[in-house]
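Student: Provided below for reference: sequence and predicted model.
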Amino acid sequence: MIKHPLSEFKNNRLLVSPSVLACNFACLASELEAAERAEADMIHLDIMDGHFVPNITFGPPVVASMRKYTALPFDVHLMLVHPERYIEPFAEAGADHITFHIESECDPAAVVRQIHALGCSAGITLKPGTPASAIEAVLPEIDMVLVMSVEPGFGGQKFQPEMLKKATEIRKMLRRIGSHAHIEIDGGITHENVRDAAAAGVNVIVAGTAVFRAPEGIRAAVAELHDAQKALPKEEPGS
């Protein structure tokens, strides 16, 4: 299976990753096809185990089924206690990028190596209450940092604007070590706050409700999110 890791994308381009958590699961194939026609850049898949977070979503068999209906890269977010147990099954199911939590019960460096060995790009993420310093040791090895702007585990939550300061702090940390890793944000992103996120140094936008339940339709919603490209700083924040 050919992989399309995030290393194929430049971090000065704003990417839109619609989250299927907000789609109509009874029409999953057509929702994926609509997102691809709307020129989304990838598809965000939230994987929950009922332990790390209270909810349960889906596993590798569902991801493998979705893989048949779109060529877009799969941006997989593992909200799991033991992500190392599931890296290979999700990679085999069609994941192109895999993000896991620094708060998980694992050796982060070993998990990153495991992800890379399977041809996927690797991401690290942290809950709103976890400081940016918690991921500093693993930053040189990762391809993307996911900043959670809501508590993980539930869709449709209100955006926490204070997380933009964390995104800017992480962008400065990446710049100091010469990393070109992407910064993604997930949680409560709408057309009203997406430009603020881009101005803070975020270049990958996860949006569920704002895309799949947009009154104006998926194509118009993705186009409006892409328009926030104009807000991306010409230079790194704080430079």
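Tutor: That came through fine.

Student: going forward, measure contacts between C-alpha atoms and count neighbours the same way
Tutor: Fine.

Student: the helices in this structure, which residues?
Tutor: Assigned by DSSP state H, the chain shows helices spanning 28-37, 60-67, 87-93, 108-117, 163-176, 194-199, 209-212, 218-226.

Student: what packs against the fourth one?
Tutor: It stands for helix 108-117. Using 3 or more C-alpha pairs under 8 Å, 6 or more residues apart in numbering; DSSP states H and E, the elements in contact with helix 108-117 are helix 87-93, strand 121-126.

Student: now the helices of the chain in TSV, with distance to I185, mean neighbour count and mean pLDDT?
Tutor: Below are the helices of the chain laid out as TSV (distance: least, C-alpha to C-alpha, whole Å; neighbours: other C-alpha atoms under 10 Å; pLDDT from 0 to 100):
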stretch	distance to I185	mean neighbour count	mean pLDDT
helix 28-37	19	18	97
helix 60-67	22	16	98
helix 87-93	22	19	98
helix 108-117	20	17	98
helix 163-176	8	19	97
helix 194-199	8	22	97
helix 209-212	14	25	95
helix 218-226	13	20	97
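
Student: Quick check: which of the ones you listed is nearest to E141?
Tutor: Distance to E141, taken as C-alpha to C-alpha, is lowest for helix 108-117 among the helices of the chain, at 7.2 Å.

Student: Kindly export the closest one (C-alpha atoms) in PDB.
Tutor: Presented in PDB, the C-alpha positions along helix 108-117 are these (Å, rounded to 0.1, in the frame of the first residue of the first chain):
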ATOM      1  CA  PRO A 108       7.100   8.100  23.000                       C
ATOM      2  CA  ALA A 109      10.400   7.800  21.100                       C
ATOM      3  CA  ALA A 110       9.800   4.100  20.600                       C
ATOM      4  CA  VAL A 111       6.300   4.700  19.300                       C
ATOM      5  CA  VAL A 112       7.600   7.300  16.800                       C
ATOM      6  CA  ARG A 113      10.200   4.800  15.500                       C
ATOM      7  CA  GLN A 114       7.500   2.200  15.200                       C
ATOM      8  CA  ILE A 115       5.300   4.600  13.100                       C
ATOM      9  CA  HIS A 116       8.200   5.600  10.900                       C
ATOM     10  CA  ALA A 117       9.200   2.000  10.300                       C
END
